[in-house]
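Enquirer: with the sequence up front, the predicted model follows.
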Amino acid sequence: MKNLIYILLLFISSNIYPQSRLVVTPSDNVEKILESAPEGSTIIFKSGIYKVNNIKIDKPLALEGENYPVLQGNKKDEVLTIKANNVTVKGFKITDAGISYRQENAAIKLVESSDCVIENNILENNFFGIYLSKSYNCVIRNNYLEASNKTETSSGNGIHLWYSKGITIEGNTIIGHRDGIYFEFVMHSLIKNNFSKFNLRYGLHFMFSDSCSYINNTFESNGAGVAVMYTKNVTMKQNKFINNWGAASFGVLLKDLTDCLIEKNHFEKNTNGLYLEGCSRITVRMNNFISNGWGIKLMANSMNNYFYGNNFITNSFDILTNSRNNFNDFSGNYWSRYSGYDLNKDGIGDVAFRPVKMFSVIVERQQTSMILINSLFIELLNLTESVIPSLTPVDLVDNKPSMYQININR
């Protein structure tokens, strides 16, 4: 019975999209061939350079390149615009989508499309790289995107999603755009195994995008790091945030987030490892904060957040807050500066640790005082403050500091 149903579905499918395979070369009229191709056709592009104006796809097709044929735009328009479901684009080099602040031209733009696959393409010298608008259940996989514009105003985003749902973005490399990956009003999407580097503003930037997961991505040396705003129910696991240095740079900036999980990530050599403003019910567990300027900056309007099982190692300052009070919970973290003891050998320090240093508060108010960071006077100042707190919050304390570095890979 099952076999009969399968054969029936196959028969119906083959009648909806009769299979056809067409081959084109650089000397062919590509637009005309695509226009006349039956729905469901596979179009094979032979190697070579195809100088095209804006190619428009309005029916289910599979476009496949042999040896990365080049779709070269006219530097004024979009290169490939898709307004159809079940479209595949793979194996191309696509260049020269023109700058347009009104049209937001892209190498590949999907508009109100679903079940499309964009994979194994090389996109160079485009305004926007891959742009999805009101699209659903699509896959963006294993593409290489690089742009070389020098200013944020003349650059678009690498992968840009607006008002989309159920999108998988996997294994892409994005270099030199304004934002590497940008989301706005995106729901239930998965972002994993991507590499975002040397982008002019943020490696990842999203807002109003609930219930998405970011797993095993690397964001390195981007202008201002990663920014996440006005969102809830986000999971960020096993990502790397590295070398984001600058006066306003962050490993991750969280603003107005609720009910999120930040787990097993690696924050290293950022001006600010993790910055929280207006956040609540954020769980930050089993992360590495290593050699950052500030490990965590926690603003006074962030409450009911949980920090436990993290490693704080050789940061200039582990924690900074602008509040005299504390409404968050720190417990079981490893602090490389902790100098307490463990008489009963249970792995937990017998003396509580105060991670906010008086000097970090002074530096926040007067940055030029940073020149005194390694002086004996500052050490005495911090020691006095730890005994009799005057500027730092009395109750921001880790009462169970770990004596040993925590293995976050277990």
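Expert: Perfect, thanks for sending it. None of the values given here were measured: they were computed from a predicted structure. Numbering: from 1, shown residues only.
Enquirer: quick check: residue 74 touching residue 95?
Expert: No. Applying CB atoms under 8 Å, one finds residue 74 not in contact with residue 95, separated by 10.6 Å. Heads up, the C-betas are built off the backbone N, CA and C, glycines and all.
Enquirer: between these two, who's got more neighbours?
Expert: residue 95 (18 against 14; other CB atoms under 10 Å).
Enquirer: the more buried one pairs with what?
Expert: residue 72, residue 124 (DSSP bridges).
Enquirer: residue contacts, it?
Expert: By CB atoms under 8 Å, 6 or more residues apart in numbering, the residues touching residue 95 are 70-73, 79, 107, 123-126.
Enquirer: top of the residues you listed by number of neighbours, please.
Expert: residue 107 leads the contacts of residue 95 on contacts (other CB under 10 Å) with 32 neighbours.
Enquirer: helix/strand/coil for that residue?
Expert: Classification of residue 107 using DSSP: H, G, I helix; E, B strand; the rest coil returns strand.
Enquirer: can you get me the start-to-end distance on stretch 45-59?
Expert: 18 Å (CA to CA, to the nearest Å).
Enquirer: which residues sit against that stretch?
Expert: 23-26, 30-31, 34, 37, 39, 63-74, 77-84, 87, 91-92.
Enquirer: give me the nearest residue to residue 192, chain neighbours excluded.
Expert: Distances taken as CB to CB, 6 or more residues apart in numbering place residue 215 nearest to residue 192, at 4.3 Å, with adjacent residues excluded.
Enquirer: about what we covered before: using CSV, lay out the contacts of residue 95 together with distance to residue 49 and pLDDT.
Expert: Listed next are the contacts of residue 95 as CSV, based on distance: CB to CB, whole Å; pLDDT from 0 to 100:
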residue, distance to residue 49, pLDDT
70, 5, 97
71, 9, 97
72, 6, 96
73, 12, 95
79, 13, 97
107, 15, 97
123, 15, 98
124, 13, 96
125, 14, 95
126, 16, 96
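Enquirer: just the residues you listed now: which is nearest residue 204?
Expert: residue 123 (18.0 Å; CB to CB).
Enquirer: doesn't residue 131 make contact with the closest one?
Expert: No. With contact defined as CB under 8 Å, residue 123 does not count as touching residue 131 (11.0 Å).
Enquirer: quick check: neighbours shared by those two?
Expert: With CB under 8 Å, 6+ apart as the test, residue 123 and residue 131 both reach residue 108.
Enquirer: if we can go back for a sec, ChimeraX command for the buried members of the contacts of stretch 45-59?
Expert: Applying 16 or more other CB atoms under 10 Å to the contacts of stretch 45-59, the buried members can be selected in ChimeraX as follows:
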select :24,30,34,37,63,64,65,69,70,71,72,73,77,78,79,80,81,82,83,84,87,91,92
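Enquirer: among the contacts of stretch 45-59, name the ones in strands.
Expert: 23-24, 63-65, 70-72, 80-82 (DSSP state E).
Enquirer: in those residues, find the pair that's most separated.
Expert: 23 and 81, at 23.0 Å, using CB to CB across these.
Enquirer: in stretch 332-344, what counts as buried?
Expert: 332-335, 338.
Enquirer: which stretches of this protein form helices?
Expert: With DSSP state H as the criterion, the chain has helices at 2-16, 30-36, 358-365, 376-387.
Enquirer: quick one: average pLDDT of the third one?
Expert: Here the mean pLDDT over helix 358-365 is 68, rounded to a whole number.
Enquirer: now the stretch 101-250 of the chain, which segments are flagged as low pLDDT?
Expert: Of all residues in the stretch 101-250 of the chain, none has pLDDT under 70.
Enquirer: quick check: residue 108 touching residue 127?
Expert: No. Using CB under 8 Å, residue 108 makes no contact with residue 127, being 11.9 Å away.
Enquirer: do you know the pLDDT at residue 382?
Expert: Confidence score, pLDDT, at residue 382: 66.
Enquirer: now the strands: where do they sit in the stretch 251-400 of the chain?
Expert: According to DSSP state E, counting those that start in this stretch, the stretch 251-400 of the chain carries its strands in the segments 266-268, 272-277, 280-285, 288-290, 294-298, 306-308, 311-313, 317-321, 329-331, 334-335.
Enquirer: same list, those strands, but as JSON lines with distance to residue 196 and mean pLDDT please.
Expert: Formatted as JSON lines, the strands of the stretch 251-400 of the chain follow (distance: least, CB to CB, whole Å; pLDDT from 0 to 100):
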{"stretch": "strand 266-268", "distance to residue 196": "15", "mean pLDDT": "97"}
{"stretch": "strand 272-277", "distance to residue 196": "17", "mean pLDDT": "95"}
{"stretch": "strand 280-285", "distance to residue 196": "22", "mean pLDDT": "97"}
{"stretch": "strand 288-290", "distance to residue 196": "19", "mean pLDDT": "97"}
{"stretch": "strand 294-298", "distance to residue 196": "22", "mean pLDDT": "93"}
{"stretch": "strand 306-308", "distance to residue 196": "26", "mean pLDDT": "96"}
{"stretch": "strand 311-313", "distance to residue 196": "24", "mean pLDDT": "97"}
{"stretch": "strand 317-321", "distance to residue 196": "26", "mean pLDDT": "90"}
{"stretch": "strand 329-331", "distance to residue 196": "30", "mean pLDDT": "96"}
{"stretch": "strand 334-335", "distance to residue 196": "29", "mean pLDDT": "96"}
